[in-house]
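>>> pasting the structure only:
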C-alpha cells in the first residue's frame, strides 16, 4: 500500500517538475488506515535527474525528468 501511494506521489511530482519545481527535501506523508492517520517522513534527494529517497523504512531510487 505504501509503495502504491509513493508512486502516486512521485507521478504528481513529475507533473510539477515541468514547472521548475524541485522535490528535494523532507516531506510528511499522511496515510489513512480505517480513518486513523498514519504519518511517515519522506526524504527526497535530487542529483541531476537521479531521484532517491526514503519513505519510513523503505528506500527507493528513480529518475526525475
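That came in fine, so what should we check first? Quick caveat, the model's predicted, so the values are computed rather than measured.
>>> Paired strands for the strand ranked longest in the chain, with orientation please.
Longest strand of the chain, by residue count under DSSP state E: strand 36-47. Partner strands and pairing direction for strand 36-47 (DSSP bridges) are strand 25-33 (antiparallel), strand 50-55 (antiparallel).
>>> Out of the ones you listed, flag the one nearest residue 63.
Closest approach to residue 63 among the strands paired with strand 36-47 is made by strand 50-55 (6.3 Å; C-beta to C-beta). C-betas here are computed from N, CA, C, even on glycine.
>>> following that closest one, which helix or strand comes up?
Going down the chain from strand 50-55, the next helix or strand is strand 58-63, by DSSP states H and E.
>>> Output the below-cut-off pLDDT ranges for this protein.
Applying pLDDT under 70 to the chain picks out residues 1-20.
>>> switch to 80 and redo it
Low-confidence segments of the chain (pLDDT under 80): 1-21.
>>> What residues sit buried inside stretch 49-57?
51, 53, 55 (16 or more other C-beta atoms under 10 Å).
>>> Out of those, which is nearest to residue 61?
The closest of the buried residues of stretch 49-57, once distances to residue 61 are taken by C-beta to C-beta, is residue 51, at 7.1 Å.
>>> contacting residues around that closest one?
For residue 51, the contacting residues are 10, 23, 44, 45, 61, 62, 63, 64, by C-beta atoms under 8 Å, 6 or more residues apart in numbering.
>>> Lovely, talk soon.
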